[in-house]
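*Asks:* can you look at this prediction? I've put the sequence above it.
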Amino acid sequence: MQIDQVKQRRGTVWLSQAGLRPTRQRVTLASLLVGDGHDRHVTAESLFAASAETDAKVSLATVYNTLRAFCEAGLLREITVDGSKSYFDTNTSNHPHFYWEDTASLTDAPTDQLEICRLPDAPEGAEISKVDVVIRLRRTQA
Ligand SMILES: [Zn+2]
């Protein structure tokens, strides 16, 4: 499957916003991430699986490295669940997430319903860099 021009163009613009050089592999992954104009949450594995369906073959190692580079450039936000599973969000604003335990997937939770009244003071010589709110969900019997 070939990635259409519109998606590739969106991906290229997204890369240029962060000053990243639009290499072929970066454009492929960027168009899979933001090509349809919707925010998404991916893991390296899910993005690798999506890229395997395109004509541009990208290795899993390249997917990992590219996701890291996109995070460092501020294009993605990393959310870690269970201390080991990393999810990458194209929406880099502060917002809470639902983590679905049965499917190990991450979705956005309504921001307007979240209220954090007070955070503990950061220890001496430190400041809070970000707050991740992940609400774990278990399905109930319908
Ligand atoms: Zn999100």
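*Replies:* In hand now; what should we look at?
*Asks:* this structure: strands as residue ranges?
*Replies:* Ranges of strands in the chain, per DSSP state E, are 41-42, 77-81, 85-89, 97-100, 105-108, 134-137.
*Asks:* rebuild these as JSON lines, extending it with mean pLDDT and distance to residue 116.
*Replies:* For every residue, glycine as well, the C-beta is placed using N, CA and C. Converted to JSON lines, those look like this (pLDDT from 0 to 100; distance: least, C-beta to C-beta, whole Å):
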{"stretch": "strand 41-42", "mean pLDDT": "97", "distance to residue 116": "21"}
{"stretch": "strand 77-81", "mean pLDDT": "93", "distance to residue 116": "16"}
{"stretch": "strand 85-89", "mean pLDDT": "94", "distance to residue 116": "19"}
{"stretch": "strand 97-100", "mean pLDDT": "95", "distance to residue 116": "14"}
{"stretch": "strand 105-108", "mean pLDDT": "94", "distance to residue 116": "16"}
{"stretch": "strand 134-137", "mean pLDDT": "95", "distance to residue 116": "13"}
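*Asks:* please work out which of these is packed deepest.
*Replies:* strand 41-42 (a mean of 20; mean count of other C-beta atoms under 10 Å).
*Asks:* quick check, that strand touching the ion?
*Replies:* No: Strand 41-42 is not in contact with the ion by C-beta under 5 Å from the ion; minimum separation 5.6 Å.
*Asks:* one step back: I'd like the strands of the chain as a markdown table, with distance to residue 11 appended.
*Replies:* Shown next, in a markdown table, are the strands of the chain (distance: least, C-beta to C-beta, whole Å):
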| stretch | distance to residue 11 |
| --- | --- |
| strand 41-42 | 14 |
| strand 77-81 | 18 |
| strand 85-89 | 15 |
| strand 97-100 | 24 |
| strand 105-108 | 22 |
| strand 134-137 | 28 |
